[in-house]
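Chemist: got a predicted model here, sequence first, then my questions.
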Amino acid sequence: MTRRHTDWCAGGHRCDLGEHRSEEIVVDLPGRARAVLNRVARDTGGQYAELRVRVALADVDPAARRQLLTLLDGVRDLVTRTALAGRPAPHPR
């Protein structure tokens, strides 16, 4: 099967297992947090974003739990806003 690469595809070993992957986009706050984003397209159709996030947690449990709740709340908001941004724009009347 011949694969057609997208213009954003990183190629090489990243194109495997029936998908094309972009170069990683990294946001790094040394010692505090790191996020890695990839755009992925399946050979069978459809695209998605893959996001990995690593955040340093406080050493004490109540503070670490607050951080986790803040992270989950932010991820829920981010995923919801991103999904809604992909919807077709309403037609003007």
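Modeler: Here it is on my side, so go on. Residues are numbered from 1 along each chain as shown.
Chemist: from here on, contacts and neighbour counts on C-alpha atoms
Modeler: Will do.
Chemist: relative to Ile25, how far out is the residue most central in space within the chain?
Modeler: The residue lying closest to the centre of the chain (C-alpha atoms, centre = their mean) is Leu51, at 2.6 Å. In this view, Leu51 and Ile25 are 10 Å apart by C-alpha to C-alpha, to the nearest Å.
Chemist: got any residues that touch both of the two?
Modeler: Val36, Leu37, Asn38 (C-alpha atoms under 8 Å, 6 or more residues apart in numbering).
Chemist: now the buried members of the residues you listed.
Modeler: Leu37, Asn38 (16 or more other C-alpha atoms under 10 Å).
Chemist: ok, so of the shared contacts of Leu51 and Ile25, who is nearest Leu29?
Modeler: Using C-alpha to C-alpha, Val36 comes nearest to Leu29 of those, at 11.8 Å.
Chemist: next up, the contacts around that closest one.
Modeler: Glu24, Ile25, Val26, Val27, Leu51, Arg52, Val53.
Chemist: wait, isn't the first one in contact with Asn38?
Modeler: Yes. Distance between Glu24 and Asn38: 5.3 Å, which falls inside the contact criterion (C-alpha atoms under 8 Å).
Chemist: the strands in this structure, which residues?
Modeler: 19-21, 25-29, 33-42, 47-55 (DSSP state E).
Chemist: where does pLDDT dip in this structure?
Modeler: Across the chain, the ranges flagged by pLDDT under 70 are 1-4, 13-14.
Chemist: at 90 instead, please
Modeler: In the predicted model, the chain carries pLDDT under 90 at residues 1-21, 42-45, 87-93.
Chemist: care to break it down by domain?
Modeler: Using automatic domain parsing, the domains assigned to the chain come out as 1-56, 57-87.
Chemist: out of the ones you listed, which one sits most buried?
Modeler: domain 1-56 (a mean of 13; mean count of other C-alpha atoms under 10 Å).
Chemist: would you mind measuring from Asp43 to Ala85?
Modeler: With C-alpha to C-alpha as the criterion, Asp43 and Ala85 are 24 Å apart.
Chemist: ah, wrong one, I meant Leu69
Modeler: Leu69 is 24 Å from Ala85, by C-alpha to C-alpha.
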